[in-house]
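K.L.:
A predicted structure for the sequence below; I have some questions about it.
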Amino acid sequence: MNNIDNDGSVVALVPAAGRGVRLGASAPKAFVAVGGTPMVRLAVDGLIASGAVDRIIVMVPAEMVESAVALLTPATDSAGDMVQVVVGGAERTDSVRAGIAAAPDASYFLVHDAARALTPPRLIAEVADELRAGHAAVVPALPVVDTIKSVDALGIVTGTPDRSGLRAIQTPQGFAADLLRTAYAADVQATDDAGLVELLGTQVHTIPGDAQAFKITTQLDLMLAETLLTRLSSGYATIARTS
């Protein structure tokens, strides 16, 4: 573990500039509604409800800034003007860089996908708690339940990794701010923020994730989210935490 400022501010970065091609929506994915509320608003509401975040920066396409501000104004008003909207980039990494640049005084960053709109506030708070406890990089993780195969360019199976050592990684992913700034200063690609940090040789700490924090990527995911949100709102069901 590292010596980190336990009293520093926690800034959540919400990339919301993706086009969501796999979802097949006409609007950017983060602005697709679940139960009548756009994903980005649900994600921001969850961050606020966690009580663990001091400031939230949402990165959106340039043409969506005005509508995003209008959408998030109620959340901003209820949370003491803590939500800021900035222009994101063509790629997710560009959006995160824009968010980092907008928070030069942050001590910790939580990078949270807007598409994980139903992430429980409890999980968000647990990531922040682990950062304050001294971990420089923290990610929620779930055990992989399917058999995984590696394949070559022709689709021929080349191996079957032992799934007991595999995890599916969720968000928010938490980092000491200087660590994430250093990771993003390098012009390299990774599938997630923790991947960039791993390239620096930093250990990434995992905590148990939550099935409710699934990523809404396809129409099937959207149907599941709609059903789940309706049931949760009615108090009929919860998803058990996976450990």
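P.N.:
Received the coordinates, thanks.

K.L.:
list the contacts for the most centrally placed residue in the chain?
P.N.:
Centroid check for the chain by C-alpha atoms, centre = their mean gives H112 as the closest residue, at 2.0 Å. If you count contacts by C-beta atoms under 8 Å, 6 or more residues apart in numbering, H112 has them with A12, L13, V14, A43, L47, T119, I124, T171, P172, Q173. No exception for glycine: its C-beta is placed from N, CA and C like everyone else's.

K.L.:
among these, which are located in strands?
P.N.:
A12, L13, V14, Q173 (DSSP state E).

K.L.:
how close does the residue nearest to the third one when sequence neighbours are not counted sit to D45?
P.N.:
Distances taken as C-beta to C-beta, 6 or more residues apart in numbering put V58 closest to V14, at 4.5 Å, once the chain neighbours are dropped. Per C-beta to C-beta, to the nearest Å, V58 is found 12 Å from D45.

K.L.:
okay, the two: which has more neighbours?
P.N.:
V58 (32 against 18; other C-beta atoms under 10 Å).

K.L.:
which of the three states applies to the more buried one?
P.N.:
Secondary structure, DSSP: H, G, I helix; E, B strand; the rest coil: V58 is strand.

K.L.:
touching, it and V69? I think so.
P.N.:
No. The pair V58 / V69 is not scored as a contact, 9.2 Å apart, by C-beta atoms under 8 Å.

K.L.:
where do the contact lists of those two overlap?
P.N.:
V85.

K.L.:
in the chain, where is pLDDT below threshold?
P.N.:
Scanning the chain for pLDDT under 70 picks out 1-7, 20-26, 74-80, 235-243.

K.L.:
the strands in it, which residues?
P.N.:
10-15, 33-34, 37-38, 55-60, 83-87, 108-111, 137-143, 150-151, 157-159, 167-169, 173-176, 205-208.

K.L.:
would you turn these into JSON lines with distance to A183?
P.N.:
Compiled in JSON lines, those are given as follows (distance: least, C-beta to C-beta, whole Å):
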{"stretch": "strand 10-15", "distance to A183": "13"}
{"stretch": "strand 33-34", "distance to A183": "31"}
{"stretch": "strand 37-38", "distance to A183": "29"}
{"stretch": "strand 55-60", "distance to A183": "17"}
{"stretch": "strand 83-87", "distance to A183": "19"}
{"stretch": "strand 108-111", "distance to A183": "10"}
{"stretch": "strand 137-143", "distance to A183": "9"}
{"stretch": "strand 150-151", "distance to A183": "26"}
{"stretch": "strand 157-159", "distance to A183": "29"}
{"stretch": "strand 167-169", "distance to A183": "16"}
{"stretch": "strand 173-176", "distance to A183": "8"}
{"stretch": "strand 205-208", "distance to A183": "15"}
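
K.L.:
out of those strands, nearest to L232?
P.N.:
Closest to L232 of those is strand 33-34 (C-beta to C-beta; 11.1 Å).

K.L.:
against which helices or strands is that closest one packed?
P.N.:
In terms of contacts (3 or more C-beta pairs under 8 Å, 6 or more residues apart in numbering; DSSP states H and E), strand 33-34 is packed against helix 219-234.

K.L.:
mind listing what's buried along the helix it packs on?
P.N.:
D221, L222, A225, L228, L229, L232 (16 or more other C-beta atoms under 10 Å).

K.L.:
wait, doesn't the fifth one sit right on L118?
P.N.:
Going back to what we said before, that points to L229. Yes. Proximity of L229 to L118 meets the contact threshold set by C-beta under 8 Å, at 6.5 Å.

K.L.:
any common contacting residues for those two?
P.N.:
Contacts common to L229 and L118, judged by C-beta under 8 Å, 6+ apart, are V34, L42.

K.L.:
picking up where we left off before, now the residue nearest to the centre of the chain: closest residue in space, sequence neighbours ignored.
P.N.:
Using C-beta to C-beta, 6+ apart, the closest residue to H112 is P172 (3.9 Å).
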